[in-house]
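*Asks:* Okay, sequence plus prediction incoming.
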2 protein chains.
Amino acid sequence: MSVSIKDVARHAGVSVATVSRTLSNGPVSEETRRRVEDAVQATGYRPNLSARRLRSQHTQTIGLVVSDIRNPFFTAVSRAVEDAAYHAGMRVILCNTDENPDREELYLRLMQEERVTGLIFAPTRTTCEALDRFDLDFPVVLIDRAGPPGLHDAVVLDNAGASALLIDHLAAQGYRKIHGLFGNTSTTGAERHDGYTAAMHRHGLQPDAVFIAPQAAAAEAHIAALLTTPDRPEAVVVSNGQLLLGVTRALRAAGLSMPGDLAVAGFDNETWTELVGPGLTVIEQPVQEIGASAMTMLFERLERQDLPVRKIVLSGRCIIRGSTATRG
Amino acid sequence: MSVSIKDVARHAGVSVATVSRTLSNGPVSEETRRRVEDAVQATGYRPNLSARRLRSQHTQTIGLVVSDIRNPFFTAVSRAVEDAAYHAGMRVILCNTDENPDREELYLRLMQEERVTGLIFAPTRTTCEALDRFDLDFPVVLIDRAGPPGLHDAVVLDNAGASALLIDHLAAQGYRKIHGLFGNTSTTGAERHDGYTAAMHRHGLQPDAVFIAPQAAAAEAHIAALLTTPDRPEAVVVSNGQLLLGVTRALRAAGLSMPGDLAVAGFDNETWTELVGPGLTVIEQPVQEIGASAMTMLFERLERQDLPVRKIVLSGRCIIRGSTATRG
DNA sequence: ATGACGATTGAAAACGTTTACACAAAAATT
DNA sequence: AATTTTTGTGTAAACGTTTTCAATCGTCAT
C-alpha cells in the first residue's frame, strides 16, 4: 500500500507528530528537520489529502458550477478561477449544469458533501431564486447572473450599460430599425433586453425584440425567417456569442453581407468575431477579471463572514468593427 | 458544526454502523431503514466525502491534466471526460499545465496526494519521456499525445494519416509548393509533420516545413514574413487551431485572400473555421469520442490491471471548404 | 426441546492526518 | 543557585466514515 506518515516517522526515528510538524513548517530542530526530509525523500512519501482535509476540517476546495464549460465565456472564467485557486493552494471542482435546474440541485448537494470552502456559481433563473432553500454552509459568489439583490455576493457585467453602448453606436451610424434577439434562460438576457429597450427609447426609436433559446440554431432559424419579411430590420443586436454565431450563419447561408444587408452587433468577443466578414462589432466582457474578482471576493468573504453583501459590476468594452459600418 | 453520521444515529436511535449500512443499501430491516431515512431528512445530513474517501481508500476521483482548457480541443475533451466521470459517480480534478514541464511535475505530485483513482493526461514531450520516473501508483491514459509505445494506454488521432488527407487533397487541387507549419512542444506536431513529409514525397513534392511555438502570434509573424519572400508557397498546412488562427490573421492583415494568394488547410474544426473567408479546409478531430474513450479505457484498466497496454487510434475527418479550392 | 442458521444489529478498530497536552532539557532570568 | 521561560519532542485524542467481528433474536428442521 501507499506510504504513510508513520513510515516516514519510523524511517527518521521520530514520532508522527514531529513529521507532521516538519511538513507544516512547525517548530523542529534543524537536525530533525533534515532527518525527516531525508526520510520523506527515501520513502517517497506524499501526504494524503483526504486524511488531511478530514482532520483539519479545511478542504481547501472551491466549487465552480457553470452551465457549460464549452461556452467560451465560461471557459475563460474557469481558467481565471482555477489559476487563482491553485495559486492560493486550493483545488477546484468543476460542474456543468447545462442550465438544468435538476442538475444544479444535484451539484449543490455534491458541493455540500465535498464540504467546499466556497462556491462560485452561475445559476439559472429558477435556482437563483430558490437558492436559500438549500441553506448552504459555505459562502457563494454568483457570477454572470445575479440573484435577488442583497442575498449573495456577485460579479456581473453592466448588462444594460453594455446594451446601451451597442445601441448608441448603431444609432450614431444611422441605423433606425434595430431588431433585438435575447436569450431566454438567464437573467442576463433579460437585463440586456432592458438596456436595449431603454436605449432605443432614448433615441426615439421603436424597440422590436424577441427572446429565444440561447442556441445558435434558434437564432439562425429566426434570422432566416426575418430576412424574408417585407420590412426587414436594418440592424440586429444579439445577447450572446451563441446567438451571434446563428446570425452569422444565417447571413452566410442566404448569401447576404454585413452591414449592407444587415448590420450586426452583439455580446462576447469570441476569437472568430474579428475574422468573419468585415469583423463583428461586439461587447468584450472582462472574462479574466470576472473570474479573478469572484475569487478575491470569495476569499474576502471567507475572512470576514460579516462583510456586507457586495455586487461588483464590471463594464463591457465596445469593440467596433465593420459589421456596423455607416449605412451606405 | 456540520451534522455527522453520529447525529443521525442518535436521532434515529440506532448505531452509526446501521446508519452507514442504510446509506450504502446494506442489510437493514424495513423498519430501521425508514427511521434512518427520516433522521437524515430531519437533520439535513450530508455524508462527508473526505471521511468516506479516507476510510474506504477509494477516492472516486480522476485527474485530468491538460495544457490549457481554453484550447477548444481540450475544452471539448474535458467536457466529455467530466460527463463520463460524473455519470460513473466520480469527480474530476482539472489542471492546466500551459505546456510547462515544471507545472506538469507539480500537478503529477498533486495527483498522488489526491490519491486519484486514475489519470488522463496530455503531456509535453519532455514529461512524456520521463513519465516512469514518477512511478505513479494509479493508471494513466494519455490523450492527444502518446508516449514511447507500450508503456501507457493512450487515445490519439491518426496524425500522420490526417496530414496525408490534407496533402492528398491539396495535391489533387493542383497545389505543388505546400509549406508546413507545426507546433514544437508536443509529439502531435512531430507526427503531423512526419505525415506531411511522407505524403509530400509520395506525390513527388518537395517538403518545406518549420516547427514553431504553438501560438497564434508565432504563426502570424512567420506567415507575414513568408508572404514577402520571392517565391512564396502556394499553400500552407498547419498543425493546430492556434496556428490556423495566426495564419488567418496574417492574411487578413496583409489584405490577401484564400485560396487566391495562399491556400490554407489545417487541424481542428473550430467554430470559426466555417465562417472565415471561403471557409477553411480542416481536419475534424473526434473530440467527444477521444474523451469518452479515454474514460472507458481507464475504467477497463482499473478493472483489470493485467490488461495489455493499448493504444486507440482514431481517424480524423477531412472537411473540405473554400480555402483550398482549385488553383485558378 | 435442541441445534443450526439467517437476518439484524452494535461495539470497536481502522483509515492517515493534525493538534492539544504533557514533559523533558536547555536557555534565560532572577 | 534557583527560578522561569523557551524549545523540541512524544503520546494520544480527535476528524467522520466503513467494515470486521461478535452478539442477539427468531425461525426452522431435526
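*Replies:* Now that the structure is in, tell me what you want to look at. Numbering: from 1, shown residues only, chains lettered A, B, ... in the order given.
*Asks:* Any residues of the stretch 201-328 of chain A in contact with chain B? List them.
*Replies:* The stretch 201-328 of chain A has residues A:L245, A:T248, A:R249, A:R252, A:E270, A:T271, A:W272, A:L275, A:V276 near chain B, with proximity defined as Cβ under 8 Å from any Cβ of the partner chain. Any C-beta I mention is one placed from the backbone N, CA and C, and that applies to glycine too.
*Asks:* how about the closest residue to DNA strand C within the stretch 201-328 of chain A, what does it touch?
*Replies:* DNA strand C sits closest to A:L302 of the stretch 201-328 of chain A, with a gap of 16.2 Å, by Cβ to the nearest atom of the strand. Neighbouring residues of A:L302 by Cβ atoms under 8 Å, 6 or more residues apart in numbering or on different chains: A:T117, A:G118, A:P139.
*Asks:* What part of chain A, helix or strand, is modelled with the least confidence?
*Replies:* Counting by mean pLDDT, DSSP states H and E, chain A has its least confident helix or strand at helix A:125-129, which shows a mean of 88.
*Asks:* So which other helices or strands are in contact with it?
*Replies:* Applying 3 or more Cβ pairs under 8 Å, 6 or more residues apart in numbering or on different chains; DSSP states H and E, one finds that helix A:125-129 contacts helix A:101-113.
*Asks:* which helices and strands sit right next to the helix it packs on?
*Replies:* Using 3+ Cβ pairs under 8 Å, 6+ apart, helix A:101-113 sits against strand A:61-66, strand A:91-96, helix A:125-129.
*Asks:* so it versus strand A:61-66, what angle?
*Replies:* 170 degrees (axes from the mean of the first three to the mean of the last three Cα atoms, to 10 degrees).
*Asks:* Check which residues of helix A:101-113 are buried.
*Replies:* Residues A:R103, A:E104, A:E105, A:Y107, A:L108, A:L110, A:M111, A:Q112 are the ones in helix A:101-113 that count as buried (16 or more other Cβ atoms under 10 Å in any protein chain shown).
*Asks:* what's the answer for stretch A:241-254, then?
*Replies:* Judged by neighbour count using 16+ other Cβ under 10 Å, the buried positions of stretch A:241-254 are A:G241, A:Q242, A:L243, A:L244, A:L245, A:G246, A:V247, A:T248, A:R249, A:A250, A:L251, A:R252.
*Asks:* The residue of chain A found nearest chain B - nearest residue in space that isn't next to it in sequence?
*Replies:* With Cβ to the nearest Cβ, the shortest gap between chain A and chain B falls at A:W272, namely 2.8 Å. Once flanking residues are discounted, A:W272 sits nearest to B:W272: 2.8 Å by Cβ to Cβ, 6 or more residues apart in numbering or on different chains.
*Asks:* list the contacts for A:E82?
*Replies:* Residues near A:E82 by Cβ under 8 Å, 6+ apart: A:L64, A:V92, B:I69, B:L94, B:C95, B:N96.
*Asks:* neighbours around the first one, how many?
*Replies:* Meaning A:L64. For A:L64, the count of nearby residues is 28 (other Cβ atoms under 10 Å in any protein chain shown).
*Asks:* What of the second one?
*Replies:* By other Cβ under 10 Å, the residues close to A:V92 number 22.
*Asks:* any idea how far it is from B:V3?
*Replies:* From A:V92 over to B:V3 the distance is 26 Å, taken as Cβ to Cβ, to the nearest Å.
*Asks:* cool, the first one as well?
*Replies:* Per Cβ to Cβ, A:L64 is found 25 Å from B:V3.
*Asks:* For B:A209, which of the helices and strands packed on helix A:101-113 is the nearest?
*Replies:* Of all the helices and strands packed on helix A:101-113, strand A:91-96 sits nearest to B:A209, with 37.4 Å by Cβ to Cβ.
*Asks:* which helices and strands does the closest one pack with?
*Replies:* Using 3+ Cβ pairs under 8 Å, 6+ apart: strand A:91-96 touches strand A:61-66, helix A:72-87, helix A:101-113, helix B:72-87, strand B:91-96.
*Asks:* Could I get those in TSV, plus columns for mean pLDDT and distance to B:R310?
*Replies:* As requested, the helices and strands packed on strand A:91-96 are arranged in TSV below (pLDDT from 0 to 100; distance: least, Cβ to Cβ, whole Å):
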stretch	mean pLDDT	distance to B:R310
strand A:61-66	97	33
helix A:72-87	97	31
helix A:101-113	96	32
helix B:72-87	97	17
strand B:91-96	96	22
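*Asks:* between these, which one is nearest to B:P230?
*Replies:* Nearest of the helices and strands packed on strand A:91-96 to B:P230, taken as Cβ to Cβ: helix B:72-87 at 35.8 Å.
*Asks:* quick one: buried residues of the closest one?
*Replies:* Buried positions in helix B:72-87, judged by neighbour count with 16+ other Cβ under 10 Å: B:72-86.
*Asks:* Equivalent analysis for stretch A:202-211, please.
*Replies:* By neighbour count with 16+ other Cβ under 10 Å, stretch A:202-211 contains the buried residues A:H203, A:L205, A:A209.
*Asks:* Give me the neighbour count for the closest residue to A:L131 other than its chain neighbours.
*Replies:* Spatial nearest neighbour of A:L131, excluding adjacent residues (Cβ to Cβ, 6+ apart): A:G147 at 6.1 Å. The tally of other residues near A:G147 (other Cβ under 10 Å) stands at 21.
*Asks:* got it, and the one 10 residues further on?
*Replies:* By the criterion of other Cβ under 10 Å, A:L157 has 25 neighbours.
*Asks:* So, low pLDDT: which residues of the stretch 201-328 of chain A?
*Replies:* Along the stretch 201-328 of chain A, the model assigns pLDDT under 70 to residues A:327-328.
*Asks:* Okay, helices next: where are they in it?
*Replies:* Along the stretch 201-328 of chain A, counting by DSSP state H, counting those that start in this stretch, helices occupy A:216-227, A:241-254, A:287-303.
*Asks:* Any chance of these in CSV with distance to A:P123 as columns?
*Replies:* Below are the helices of the stretch 201-328 of chain A laid out as CSV (distance: least, Cβ to Cβ, whole Å):
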stretch, distance to A:P123
helix A:216-227, 22
helix A:241-254, 18
helix A:287-303, 13
